[in-house]
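Novice: Only the shape, not the letters, is given here:
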Ligand SMILES: O=P(O)(O)OC[C@H]1O[C@H](OP(=O)(O)OP(=O)(O)O)[C@H](O)[C@@H]1O
Ligand SMILES: Nc1nc2[nH]cnc2c(=O)[nH]1
């Protein structure tokens, strides 16, 4: 696998599809065990989380539900600093065991803005599961319960994550090439 170009930028292979799927499967097994006698409601944050959520959901063997919301803040490779709710939460989460699914926590701004809305509705419990976390980039700390990969502070692409709309279809993860 070699360098790819998306719009004006070059990306190098970073995490293979096999490695990603293996971690996602391990995460599902942990959730299957932790929520054995429960029926969690997953809240998947679109767009970036669609692939992670779909793969994770297929490995779940416990009764579980899923709903989707759409938040966005990134333009190109940088956070715009403003989180927009394009599709809000329309499911009653009061008294439910909630697991939020995010593809990536970078600055932490997106999740830290959304979490108060969830707490306000008094779920029975709340956990956060992420595919990727960039600890060095996080300025709005979020307590993450399940992390598949901790990664360096470099822009990544693929497996649902885009660069200006493109690259979400790539089945593996790529990293922005240094100039
Ligand atoms: O921790 P943060 O710095 O807030 O970054 C994380 C957010 O950035 C991405 O969303 P984006 O705004 O790119 O929208 P998208 O999911 O529709 O691509 C990603 O899906 C997270 O929601
Ligand atoms: N595609 C992509 N979106 C992001 N949103 C926050 N960080 C990232 C990143 O590294 N890549």
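Specialist: Received the coordinates, thanks. Note that the coordinates shown come from a computational prediction; the quantities given were computed from them, not determined experimentally. Numbers count the residues shown, from 1 in each chain. Ligands and ions are numbered 1, 2, ... in the order given.
Novice: Below-threshold pLDDT in the protein: ranges please.
Specialist: The model of the chain has pLDDT under 70 over residues 1.
Novice: Kindly report the residues of it close to ligand 2.
Specialist: Contact residues, the chain versus ligand 2 (Cβ under 6 Å from any ligand atom): 74, 104, 106, 155-157, 161-163. For the C-beta atoms, the positions are set from N, CA and C on the backbone; glycine is no exception.
Novice: Near ligand 1, list only the ones from those.
Specialist: Filtering these for proximity to ligand 1 by Cβ under 6 Å from any ligand atom leaves 74, 104, 106, 162.
Novice: quick one, what contacts the third one?
Specialist: In this case it means residue 106. Shown in contact with residue 106 (Cβ atoms under 8 Å, 6 or more residues apart in numbering): 79, 134, 137-138.
Novice: any idea which element residue 12 lies in?
Specialist: strand 9-15 (DSSP states H and E).
Novice: buried set for that strand?
Specialist: Residues 9, 11, 14-15 are the ones in strand 9-15 that count as buried (16 or more other Cβ atoms under 10 Å).
Novice: Tell me which two of those sit farthest apart.
Specialist: 9 and 15 (18.0 Å; Cβ to Cβ).
Novice: that older thread, when you filter the contacts of residue 106 down to buried only, what's left?
Specialist: Buried, going by 16+ other Cβ under 10 Å: 79, 134, 137-138, out of the contacts of residue 106.
Novice: rewinding a little: now render the residues of the chain next to ligand 2 as a markdown table, adding secondary structure.
Specialist: Shown next, in a markdown table, are those (DSSP: H, G, I helix; E, B strand; the rest coil):
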| residue | secondary structure |
| --- | --- |
| 74 | strand |
| 104 | strand |
| 106 | coil |
| 155 | coil |
| 156 | strand |
| 157 | strand |
| 161 | strand |
| 162 | coil |
| 163 | strand |
